[in-house]
Every structure is written in structure tokens, then in C-alpha cells.
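In: Have a look; sequence and predicted model below, questions after that.
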Amino acid sequence: MDNSLKLIIFDCDGTLVDSQHVIVAAMHEAYRGHRVPVPARERLLSIVGLSLAEAFRALGEGHSDYPVTTLIARYRTAHAALLTQAHAAPLFPDARETVEALAQRPATVLGIATGKSRRGVEGVLGRHGLLGHFLTIQTADDAPSKPDPTMVIAAMRETGAAPADTVVVGDTAFDMAMARAAGAAAVGVAWGYHPPAALHAAGAVAVIEQFPALLPTLDRLWRPQGAPAHPPV
């Protein structure tokens, strides 16, 4: 791996944090009292990664009278309450160790690009003691929803990383498409909300089955042709 600055941008829900139970429960609470049916669990999880407005518009399938605004408000209230519970939204196995190992690498900075609000992502990462490892945090508060590349472009500008030295790690096709649109590489994770085939179709250069595989995958991606592998941290 050369000495240029490397930027690794992580998605949050479904990539670092196993939030599916919290998300589904908050969705059910959001729909309570509305005269529209709650979508199936698989459908609810398929839109994770989008901003809330885009997610509910997608669930509404274009119906102009779909109650997007009130669904968003109810979801936010329910989600915040659920996250106060012990053991809500745990980290995926080896997520902490991988983030900490990457944070120790020279000429490497970490970032977040998420459809969550800044308050939401800072809350969940703060509870897990990981917030300080991320130099740049891009959220739905300040950018269009994925797969628009604005969050990745903003992270590269903020850190000074070039597109060729930037990788997005995520679990959805939205993450992969966002990365490619920004000129960055995309690495998918197989434990999230979209199947590996969808990640490959959206432009993933690799899809890993477990977090320890991320470091050697990045080494292969950034290793100059003919150079030896970067020693593991």
C-alpha cells in the first residue's frame, strides 16, 4: 500500500450496527394509527440506508397521499425511545476490533456516511465508544439521500483524500452506487440488508463475509502491482 492518505467510509445501520430489530419495531410504531398497512419485514429492511423521507416515499410507492411527514415524526420518536433500552442495536461481530485496527494504521482516516441524522449516528456510535475514531461524519441532515454521491464527495473534500484512495464499506446497493458515483471503490458486507448479488450488481469490487476479511481486502485493493502485502496491524 502506498503512502497516500487512505479514507475508509463506513455505513452505519446494517454494516457496523445490527439495528434491524430496532428499525422494524420503530417502523411498526410509526404505522400505528395510520390507515395504511405496515409493509412486510423484508420490505422494511430493503429501504434501510435511505434517508427517512426517501424511505417512506419508497414504501408509499408514489402515492401522493401517503403520510410521509407523520410517519417520519412517529418513527423518530419511537426509534429514540427504543435506543435507550439496554442491548439495543449491538455492533456486529468484530466491528469494534476492525475499526480500532484501521484507526491505528498510518495515513488512514475513517468516516461515516449514513441515512441517519447526525444526532442518531453520534448517539449510537457514542454508546459503543467508537465515535472518536471517525474524522468525518456525513448524514442525511446535510446531504441528499444515498445513492447520491454528495456524502462521499464531502468526506473526501473534508479529509483531503482522492477518489482512488477512498473506499466505501456498506451493506446495501445504495452504498455501492453512491461510492461508484463519487469515483470511489465499494466493498460490500454480506451480513446486512441487501444480498451479495445485489451488492455486486451495484458495483462492489468485493463482498466480505465477516469483518476480519476487510483489512486484507483493502490491502489487495490498494497494493501496487507486484508489491508485498501490507503487514496486518
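Out: That came through fine.

In: Domains in the chain, by residue range?
Out: 6-18+90-222, 20-82 (automatic domain parsing).

In: Give the rounded mean pLDDT of the longest one.
Out: Think domain 6-18+90-222. For domain 6-18+90-222, mean pLDDT rounds to 96.

In: Offset the numbering so it begins at 7, please.
Out: All set: I'll call the first residue 7, so the last point we hit is now domain 12-24+96-228.

In: Touching the strand or helix carrying Ala59 from outside, list them.
Out: Using DSSP states H and E, the element containing Ala59 is helix 58-65. Contacts with helix 58-65, where a contact means CB atoms under 8 Å, 6 or more residues apart in numbering, come from 45, 49-50, 53-54, 56, 72, 74, 77-78, 81-82, 121, 146, 151. (Each C-beta comes from the backbone N, C-alpha and C, glycine too.)

In: tell me the most buried of the domains of the chain?
Out: Among the domains of the chain, the stretch with the highest mean neighbour count (mean count of other CB atoms under 10 Å) is domain 12-24+96-228, at a mean of 20.

In: confidence score at Val54?
Out: With respect to pLDDT, Val54 has a value of 89.

In: Does it have any beta-bridge partners, and if so which?
Out: Leu56 (DSSP bridges).

In: Could I get the contacting residues of it?
Out: Neighbours of Val54 in contact, by CB under 8 Å, 6+ apart: Asp19, Gly20, Ser25, Gln26, Ile29, Ala61, Gly121, Thr178, Gly198, Tyr199.

In: next one: Glu48
Out: Counting by CB under 8 Å, 6+ apart, Glu48 has no contacts.

In: Only alpha carbons, please: show the helix or strand harbouring it as CSV.
Out: For Glu48, the element it lies in under DSSP H and E is helix 47-52. In CSV, the C-alpha atoms belonging to helix 47-52 read as follows (Å, rounded to 0.1, in the frame of the first residue of the first chain):
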residue,chain,number,x,y,z
ARG,A,47,-40.4,-7.0,7.4
GLU,A,48,-38.3,-7.8,4.3
ARG,A,49,-39.6,-4.7,2.6
LEU,A,50,-38.9,-2.5,5.6
LEU,A,51,-35.3,-3.7,5.7
SER,A,52,-34.8,-3.3,2.0
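
In: distance between that helix and the chain's centre?
Out: 16 Å (CA atoms, centre = their mean, to the nearest Å).

In: now stretch 153-171
Out: Distance, centroid of stretch 153-171 to centroid of chain: 14 Å (CA atoms, centre = their mean).

In: Pull up the distance across that stretch, start to finish.
Out: Start to finish, the residues bounding stretch 153-171 are 19 Å apart (CA to CA, to the nearest Å).

In: can you give me the strands in this protein?
Out: 12-16, 114-119, 140-144, 172-176, 191-195, 212-214 (DSSP state E).

In: And the shortest one, what does it pack against?
Out: In this case it means strand 212-214. With contacts defined as 3 or more CB pairs under 8 Å, 6 or more residues apart in numbering; DSSP states H and E, strand 212-214 has these neighbours: strand 191-195, helix 202-207, helix 220-228.

In: With distance to Glu67 as new columns, can these be given to me in TSV?
Out: Listed next are the helices and strands packed on strand 212-214 as TSV, based on distance: least, CB to CB, whole Å:
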stretch	distance to Glu67
strand 191-195	26
helix 202-207	19
helix 220-228	35
